[in-house]
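S.K.: show me the folded form of this:
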Amino acid sequence: MTAQQPDIQWYIARDGKQHGPLSDVEMRTFVAQGHLKPTDLIWRAGFPDWRPAPTVFPFQAPEPPAAPPQRASVSRPSAAPAPASSSSPAAAERSFEPDRIRVARDSGSDAPSKKGRMISVGLLLVLVAGGGGWYLWQKGSFGGGDKPGEIATIKAPPATPPAGSTGETTATAPVSTAAVEEGAQELDAKFQKTPMWSVVKREFPDWYNEQLREAAKLSAQNEPQLAINKHLAEALVALRRQHANEALAASTDKLKSVANAFLANLKSLGERSVGACYGFISQGETAPVVLEIMQSPEQGASVQAQVAAIFEAIADGRKTPTSHDRAAKEDYEVLVQELTKLGWKENDLKVFSNPSALSREPPARVCKMVQDWFVAHLSVADKATQERLLVETLKPVVSG
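M.R.: Next up is the predicted model:
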């Protein structure tokens with residue numbers, strides 16, 4: 001995978017159609033979830049031409065069956081990729097709908113439109129994929145609902161890059177090795193006061209030391225603290241995703257700890273502001289509002305506690321992996337009973353299981369529904385049922 005850079009805007013060409021822009025975090029999420037195809041073409045500012053996807057993001061898993069070859073009409077972009085030609089109104093919308101992530105933009109302009117971009121990269125979305133949508137689709141209660149595996153699209157405010165930004169890195173003065181090592185030692189002393197970094201250092205010492213040095217280097221280059229936090233958060237998210245299967249192989253008690261920490265984090269962020277809760281749901285640890293909060297150890301304690309719980313689960317799954325059964329229809333019926341106790345009606349279930357409907361809900365309601373979803377899971381009395389449900393619902397929390 002390419003080196004991480006701030007404010008990169010990625011574009012994808014597939015079957016002669018152009019899609020994007022995607023932020024660097026969104027693009028890496030797209031790749032991590034297996035939606036990029038070997039036949040796709042990739043472009044960002046700084047590339048002289050479209051590049052084959054495998055040369056930019058090497059495929060680590062067996063390649064899926066080859067898609068139709070790219071049209072020759074996809075040509076080299078100038079300031080931005082040339083829009084894909086189209087002769088039909090449907091194609092003009094430039095919709096891009098792989099199995100679980102949808103990217104779309106306004107149809108009225110050839111230039112990329114950030115305001116029209118929608119991409120499901122949030123944690124939530126979780127929930128529709130992991131449970132409610134599956135249950136309701138199986139039950140067929142609401143006919144015409146979305147199929148399992150689809151994730152609701154939550155539109156998060158796009159970050160605005162600096163004027164004239166090209167996505168290319170700027171040359172910086174070299175930093176001495178001694179200064180980097182000294183800075184890394186200072187960061188280590190600070191980080192080891194927190195449970196999150198303590199467990200990460202314990203389980204992944206080489207990775208931890210590498211990130212310390214990189215953060216110290218950024219600091220020595222006078223990068224703003226927010227940029228350093230972003231680097232660390234994105235690196236931590238990548239590590240979490242890499243070891244998601246080990247987290248899901250943890251004991252039931254560890255899985256419950258993750259669910260409780262996730263719920264406590266949402267409640268804490270919600271008490272701060274609806275925007276903080278909603279930002280975390282839609283963008284995770286790398287949401288701008290969450291990065292701001294993380295600059296204060298006290299305010300960011302709930303986020304760190306959740307991350308620590310996930311890495312403790314990873315440690316448990318690595319040491320003594322546990323095999324968990326998949327949730328069945330009957331399990332979701334129990335879950336719906338718990339949601340009913342919380343006041344959910346049929347329309348609430350319908351909204352929560354429908355990506356387009358959920359994306360139109362006010363942020364405050366989305367935050368409340370996600371919290372209810374986890375409260376219901378943790379309220380299931382039968383331990384075996386609860387275990388099966390938690391494994392499904394926590395998949396996007398640890399890998400999203």
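S.K.: what is the mean pLDDT for the lengthiest helix in the chain?
M.R.: The residue-count maximum for a helix in the chain (DSSP state H) belongs to helix 252-272. Mean pLDDT, helix 252-272: 95.
S.K.: okay, the angle between the helix or strand following it and helix 252-272?
M.R.: Downstream of helix 252-272, the first helix or strand assigned by DSSP states H and E is helix 274-283. Angle, helix 274-283 to helix 252-272, by axes from the mean of the first three to the mean of the last three C-alpha atoms, to 10 degrees: 140 degrees.
S.K.: now for this structure, the helix or strand with the poorest mean pLDDT.
M.R.: helix 89-92 (a mean of 34; mean pLDDT, DSSP states H and E).
S.K.: E181 against R213, yeah?
M.R.: Yes - here E181 lies in contact with R213, judged by C-beta atoms under 8 Å, at a distance of 7.4 Å. All C-beta atoms are positioned from the backbone trio N, CA, C, and that covers glycine.
S.K.: out of these two, which sits in the busier spot?
M.R.: Between E181 and R213, counted using other C-beta atoms under 10 Å, R213 has the larger neighbour count: 16 against 13.
S.K.: which residues belonging to the helix or strand harbouring the more buried one are considered buried?
M.R.: According to DSSP H and E, R213 maps onto helix 205-220. Of the residues in helix 205-220, 207-208, 211-220 count as buried by neighbour count, 16 or more other C-beta atoms under 10 Å.
S.K.: do stretch 22-40 as well
M.R.: Here stretch 22-40 shows 22-33, 35-37, 39-40 as buried, counting by 16+ other C-beta under 10 Å.
S.K.: among the residues you listed, which are in helices?
M.R.: 24-32.
S.K.: now distance to K17 too, for those residues, in JSON lines please.
M.R.: Output for these, formatted as JSON lines (distance: C-beta to C-beta, whole Å):
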{"residue": "D24", "distance to K17": "22"}
{"residue": "V25", "distance to K17": "23"}
{"residue": "E26", "distance to K17": "18"}
{"residue": "M27", "distance to K17": "17"}
{"residue": "R28", "distance to K17": "22"}
{"residue": "T29", "distance to K17": "21"}
{"residue": "F30", "distance to K17": "16"}
{"residue": "V31", "distance to K17": "19"}
{"residue": "A32", "distance to K17": "23"}
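S.K.: how about TSV for those residues, with distance to Q9 and pLDDT added?
M.R.: Below are these laid out as TSV (distance: C-beta to C-beta, whole Å; pLDDT from 0 to 100):
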residue	distance to Q9	pLDDT
D24	8	77
V25	12	73
E26	10	76
M27	9	81
R28	13	78
T29	15	74
F30	13	78
V31	15	80
A32	18	73
